[in-house]
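Q: The following comprises the amino acid sequence and a computationally predicted model.
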Amino acid sequence: MKKPSLSKIMTKGKAMFLAYDQGLEHGPIEFNDKNVDPRYIIKIAKEGGFNAVIFQKGIAEKYKDEIKKSRVPLVIKLNGKTNLRKGEPVSEQVCTVKEALGLGAVAVGYTIYAGSEFEPLMMKEFGKIEEEAHKIGVPVILWVYPRGKSVEKRKESELMAYSGRLGLEVGADIVKLRYDGSVKDLKWTVKSAGKTKVVIAGGIKTGEKKFLAEVRDIVKAGGAGIAVGRNVWKAKDPIALSKKVKRVIFGK
Amino acid sequence: MKKPSLSKIMTKGKAMFLAYDQGLEHGPIEFNDKNVDPRYIIKIAKEGGFNAVIFQKGIAEKYKDEIKKSRVPLVIKLNGKTNLRKGEPVSEQVCTVKEALGLGAVAVGYTIYAGSEFEPLMMKEFGKIEEEAHKIGVPVILWVYPRGKSVEKRKESELMAYSGRLGLEVGADIVKLRYDGSVKDLKWTVKSAGKTKVVIAGGIKTGEKKFLAEVRDIVKAGGAGIAVGRNVWKAKDPIALSKKVKRVIFGK
Amino acid sequence: MKKPSLSKIMTKGKAMFLAYDQGLEHGPIEFNDKNVDPRYIIKIAKEGGFNAVIFQKGIAEKYKDEIKKSRVPLVIKLNGKTNLRKGEPVSEQVCTVKEALGLGAVAVGYTIYAGSEFEPLMMKEFGKIEEEAHKIGVPVILWVYPRGKSVEKRKESELMAYSGRLGLEVGADIVKLRYDGSVKDLKWTVKSAGKTKVVIAGGIKTGEKKFLAEVRDIVKAGGAGIAVGRNVWKAKDPIALSKKVKRVIFGK
Amino acid sequence: MKKPSLSKIMTKGKAMFLAYDQGLEHGPIEFNDKNVDPRYIIKIAKEGGFNAVIFQKGIAEKYKDEIKKSRVPLVIKLNGKTNLRKGEPVSEQVCTVKEALGLGAVAVGYTIYAGSEFEPLMMKEFGKIEEEAHKIGVPVILWVYPRGKSVEKRKESELMAYSGRLGLEVGADIVKLRYDGSVKDLKWTVKSAGKTKVVIAGGIKTGEKKFLAEVRDIVKAGGAGIAVGRNVWKAKDPIALSKKVKRVIFGK
Amino acid sequence: MKKPSLSKIMTKGKAMFLAYDQGLEHGPIEFNDKNVDPRYIIKIAKEGGFNAVIFQKGIAEKYKDEIKKSRVPLVIKLNGKTNLRKGEPVSEQVCTVKEALGLGAVAVGYTIYAGSEFEPLMMKEFGKIEEEAHKIGVPVILWVYPRGKSVEKRKESELMAYSGRLGLEVGADIVKLRYDGSVKDLKWTVKSAGKTKVVIAGGIKTGEKKFLAEVRDIVKAGGAGIAVGRNVWKAKDPIALSKKVKRVIFGK
């Protein structure tokens, strides 16, 4: 058991990640002629000063040279699914910790759809990944998204706090969750997550103003930062926006 | 096959455990600003004189230093689930015996939802854990909770005795179960569990008087003690209450 | 592949086993203040002259010293379930051959619910157990109980013969089945089982007369004997009854 | 990867197998006082001049000495099921290639219920068996029986040809299938199976005349022979009938 | 992790594959007296100048000598299923990477039915295959076919682009998909697939003119080529047609 090397993907406990797993999760319908190209994303990650870029293993492998050259730290998501399949959500492991490291990753990610009929499968799979990764000091980022027919009537604020706590209980170093819009709720979530760092998901493309307000909220709430995708690489000037985000998070 | 080292978590065959897996099982809705923090729990465990504190692996890892410093023996629950998922209950293994020991645990815990459609899965998984743990002398605590649509019409007293016996039959060193309120039933349960020690679950927060009466009952019934969570760490003065519990169990 | 050491649990091809897995299968509701205690069972097994006593691994472990001291050969049932779960019956492995041997067993047992929706799972699991056990010469006793919605309309006599044959086909050394009450059917069952020995299950507690008549039937039919539980340890004088059974089976 | 030793169970590309797995598949209801005994079958296999006898592992083990003494080559079926369970058919592996070889088998068999809801499970399992067996040159016989609710409306001739082709595609050395009664269809099936040898199943007991006509058909169609059970061991004079079959297949 | 040797199955980034897995996927109903024979296919592959021929493992094994002699590179499909089973599509692994290499394959193939209820199973299985193959530099071709009740209402163009992207995200070197008939859509698909090469499936037998037009479209769209089966081996003069296709793809 080695202490996870969080400094490789965080700066003084804060982080700004560029997420780009939407090609698998939603299909290229999210992309345009520019951001469909992983090289464009790598460029933004580098010039925008992100702590890390998050890819699936296929992109990590095919663009290995470009990633290496950019020196942007790499996080590989270990599970994934399309949005074509309906029914209770489940995302199974498609990449091992070992393969991810072989592809240059310095941290790994995994999604648990809490409340899904398949929650036990993902909990168990994540349990093994956490053990394997922490044995060699590799940080683990956990996406927690409560979903499925069982959670439909639960309160959003309760789900957000539960997501943060789930991250702590199962051993994530960083938990990524959806922000419900209330700083008060987010503060409670950060508190519930204890020593596990909280980052919020950027979510669907929104206006710059609204987006930056959310980033300020996570800072106010004592969270670690943001894992943003669409709001940055769909922006007209991603680099400029990234720098604004950076200023909010790192205060410089 | 080594004799399990029960003396590490029991005192002359009696025990008082502080359970804190509710963050995963029920979410932070159970917590307030104080008890949401695992350090508060560790403090109670230490000052209240508990035989051990029970955590999920994530808390054991993130608060390893604090736990070590407190010298409170650590039990890690090896399976867990959220309460977000509905349907037949199942809780799968998220932590191995090996990982638990690496995190400093001196005993491990596991929950079987007897009567659930998924009972066979948990029975099998526990069977492997028991073998692995006892091979190296690590005590195993089994939570037995009869649940699911098949058990709805069964009598509570029968379920309690069956839970105790199940613990003995599958090789648990200590079985934790819910008390039905009758000392007579509890005596039969303790008898049914044979050489497997019986502790009762503290359950939901109740009045101090009622709670202490239950502790007295387990002593009267010849049981080993209690694994309590909410009734202690939700109390106004957990330390004072813990000492009262201690007096009842250990008679000093 | 070593020849199974049947002589450890049989006497000249005949056997009288004391079964005590009801605590797991039916709960302590089967027990009274005396027979709830495994030590009482071990005493009967010893003084009644049984070829072996059949326990789940938990009892084998907690009462290891008492069993050893009694010198009664030990058979461990490798799978088990509660009667709390309804629906198609399935009983999965909770103890390995290796663990059973470590606990002192000289033979292992397993139940297949033939005709259940989960028959394939149990057939496969038993197949592995048989291979592992026979590789080192450990005898395997197979409980065959046709059950589940598919078998409801099948004839009892056909099911009994099928059970015996199933034991032979999958490699059991001894097959334990329920007797339908007809010596003619039982003869055909014994014939169908070929070189696999047939013992009948004692079943629910009945009158001594009726019970001894059944024992005589199995002898008449050329079977190997009986695996009895409740009819003996629920009897007023289990030792006296055991001796009568012994006389019928071994003719002395 | 070694070339499978087909010469051990075939004579110049032709074969006549004595199948005796009906005790497991249908129960002893198929048997009478003589043919219920595996020794009777071994005798027929030997005196009737069969290329091999086909048993489940239990019979192979319990009658090992008799089989060895007879010098009849042994094929062990690696999967099996009872006919007690209803619903979509599935037969899982109960014997490994390794165990079969340890019991003296020179070839192994496996059944795929093509079209069943569980086809993928059997395809995958057979894939592993084929790899393991061919790695060491052990021939593999595949029973292909299209069954289950999905195939109810398919044409018999198409199913027969598909069965033959399936055998070739997944790597069987010999494919055993049910004959639809048309030589023309059988020719196309043999052609579709390419270098995989085709043998037809004997099926239910029928008149000698009709049965021998079917054997002539498989020869006309260019097939390899027959795997017969009931039509031989239920015959009044199995040896005499076997010799007639032999003359048809081997022309001598 | 070794760079996959794509040059073994591609010529300057272009490719023309002869697919022949229809015997398993659809049965011999697709075949006539000539093309039912794998040797006929090997001859076409050789004389038609294909980059590789695609077989299931059974054909690869039984016709190993003929394939070797032809010097046509071999691709083995690692999963497969019949069309007899209805319901949500799933195709499980029947051949390992190791076995495929032992049979002379220089690349492996796998099908994912995206959107199927069983998508997670195939994603996970492919993930392991990709890791194992790329570890030793073996190229991986992924068939992506969106299918099942969940995708019924999705737009064809979106599905095609999603298929291409899926290939990139999970690490395929070449992705094979169905062409929707629009060059514009195909261009976007090729772009979405990034560094993963796109080949279109030949599909059902159509007129030569229409077929060659499709080949021209894939070239126009910047794709890598085609994996064709029925349109070639069902053609009157497969060699002549193959040469026409070759001219379109390689421009010579």
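A: Structure's in. What do you need? Numbering: from 1, shown residues only, chains lettered A, B, ... in the order given.

Q: CA atoms for contacts and neighbours, from now on please.
A: Noted.

Q: quick one, strands of chain A?
A: Assigned by DSSP state E, chain A shows strands spanning A:15-19, A:52-55, A:74-77, A:79-80, A:92-93, A:107-112, A:140-144, A:174-177, A:197-201, A:225-228.

Q: Against chain D, how distant is A:Ala114?
A: A:Ala114 sits 29 Å away from chain D, taking C-alpha to the nearest C-alpha, to the nearest Å as the criterion.

Q: What is the neighbour count of that residue?
A: If you count neighbours by other C-alpha atoms under 10 Å in any protein chain shown, A:Ala114 ends up with 30.

Q: Pull the contacting residues for it.
A: For A:Ala114, the contacting residues are A:144-147, A:163, B:82, B:84-85, by C-alpha atoms under 8 Å, 6 or more residues apart in numbering or on different chains.

Q: most tightly surrounded among the strands of chain A?
A: Burial of these is given as mean neighbour count (mean count of other C-alpha atoms under 10 Å in any protein chain shown); strand A:74-77 ranks first at a mean of 29.

Q: From chain C, how far out is the residue in the stretch 151-252 of chain A positioned nearest to chain D?
A: Each residue of the stretch 151-252 of chain A has a distance to chain D, by C-alpha to the nearest C-alpha, and the smallest belongs to A:Val151, at 31.0 Å. Going from A:Val151 to chain C by C-alpha to the nearest C-alpha gives 26 Å.

Q: need the contact list for that residue.
A: A:Val151 makes contact with A:115-116, B:84-85 under the criterion C-alpha under 8 Å, 6+ apart.

Q: could you dump those to a markdown table with distance to B:Leu177, pLDDT and neighbour count?
A: As requested, these are exported to a markdown table (distance: C-alpha to C-alpha, whole Å; pLDDT from 0 to 100; neighbours: other C-alpha atoms under 10 Å in any protein chain shown):
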| residue | distance to B:Leu177 | pLDDT | neighbour count |
| --- | --- | --- | --- |
| A:Gly115 | 25 | 98 | 25 |
| A:Ser116 | 27 | 98 | 24 |
| B:Leu84 | 22 | 97 | 23 |
| B:Arg85 | 22 | 97 | 23 |
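
Q: Max pairwise distance over these: which two?
A: When the contacts of A:Val151 are compared pair by pair using C-alpha to C-alpha, the two farthest from each other are A:Ser116 and B:Leu84, 7.8 Å apart.

Q: who touches both of the two?
A: Going by C-alpha under 8 Å, 6+ apart, residues that sit against A:Ser116 and also against B:Leu84 are A:146, A:150-151.

Q: tell me the contacts of A:Cys95?
A: Contacts for A:Cys95 were tallied using C-alpha under 8 Å, 6+ apart; they are A:57, A:77-79, E:127-128, E:131.

Q: Turn the residues you listed into a markdown table, including distance to chain B.
A: Listed next are those as a markdown table, based on distance: C-alpha to the nearest C-alpha, whole Å:
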| residue | distance to chain B |
| --- | --- |
| A:Lys57 | 24 |
| A:Lys77 | 19 |
| A:Leu78 | 17 |
| A:Asn79 | 17 |
| E:Gly127 | 22 |
| E:Lys128 | 22 |
| E:Glu131 | 24 |
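
Q: Can you flag which of these belong to helices?
A: Restricting the contacts of A:Cys95 to those inside helices, with DSSP state H as the criterion, leaves A:57, E:127-128, E:131.

Q: Buried members of the residues you listed into PyMOL, please.
A: Restricted to the buried members of those, where burial is judged by 16 or more other C-alpha atoms under 10 Å in any protein chain shown, the PyMOL selection command reads as follows:
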select buried, (chain A and resi 57) or (chain E and resi 127+128+131)
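
Q: Serialize the ones in helices among the contacts of A:Cys95 to TSV and add fields for pLDDT and distance to chain D.
A: Supplementary listing: the ones in helices among the contacts of A:Cys95 in TSV, determined by pLDDT from 0 to 100; distance: C-alpha to the nearest C-alpha, whole Å:
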residue	pLDDT	distance to chain D
A:Lys57	98	26
E:Gly127	98	17
E:Lys128	98	15
E:Glu131	98	19
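
Q: how about the ones in helices among the contacts of A:Cys95, which pair is most distant?
A: When the ones in helices among the contacts of A:Cys95 are compared pair by pair using C-alpha to C-alpha, the farthest-apart members prove to be A:Lys57 and E:Lys128, with a separation of 11.8 Å.

Q: Where do the helices of the stretch 51-200 of chain A begin and end?
A: Counting by DSSP state H, counting those that start in this stretch, the stretch 51-200 of chain A has helices at residues A:57-62, A:64-70, A:97-102, A:119-135, A:156-170, A:183-192.

Q: just checking, what packs against the fourth one?
A: Contact analysis of helix A:119-135 by 3 or more C-alpha pairs under 8 Å, 6 or more residues apart in numbering or on different chains; DSSP states H and E lists strand A:92-93, helix A:97-102, strand A:107-112, strand A:140-144, strand B:92-93 as its packing neighbours.

Q: Buried ones in it, by neighbour count?
A: A:119-134.

Q: Residues contacting it, please?
A: By C-alpha under 8 Å, 6+ apart, helix A:119-135 touches A:1-4, A:90-93, A:96-97, A:110-113, A:139-140, A:170-172, B:81, B:85, B:90-95, B:99.

Q: and that helix, how far out from the chain's middle?
A: 17 Å (C-alpha atoms, centre = their mean, to the nearest Å).

Q: so it versus strand A:140-144, what angle?
A: Here helix A:119-135 points in a direction 160 degrees away from that of strand A:140-144 (axes from the mean of the first three to the mean of the last three C-alpha atoms, to 10 degrees).

Q: Just the CA trace of helix A:119-135, in PDB.
A: Extracted as PDB, the C-alpha positions of helix A:119-135 are listed here (Å, rounded to 0.1, in the frame of the first residue of the first chain):
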ATOM      1  CA  GLU A 119     -24.600  -0.900  -8.500                       C
ATOM      2  CA  PRO A 120     -23.200  -4.000  -6.800                       C
ATOM      3  CA  LEU A 121     -21.300  -5.000 -10.000                       C
ATOM      4  CA  MET A 122     -19.700  -1.600 -10.300                       C
ATOM      5  CA  MET A 123     -19.000  -1.300  -6.500                       C
ATOM      6  CA  LYS A 124     -17.200  -4.700  -6.600                       C
ATOM      7  CA  GLU A 125     -15.200  -3.800  -9.800                       C
ATOM      8  CA  PHE A 126     -14.200  -0.500  -8.400                       C
ATOM      9  CA  GLY A 127     -13.200  -2.200  -5.100                       C
ATOM     10  CA  LYS A 128     -10.600  -4.300  -7.000                       C
ATOM     11  CA  ILE A 129      -9.400  -1.300  -9.100                       C
ATOM     12  CA  GLU A 130      -8.900   0.800  -5.900                       C
ATOM     13  CA  GLU A 131      -6.900  -2.000  -4.300                       C
ATOM     14  CA  GLU A 132      -4.700  -2.600  -7.400                       C
ATOM     15  CA  ALA A 133      -4.100   1.100  -7.900                       C
ATOM     16  CA  HIS A 134      -3.400   2.100  -4.300                       C
ATOM     17  CA  LYS A 135      -1.100  -0.900  -3.900                       C
END
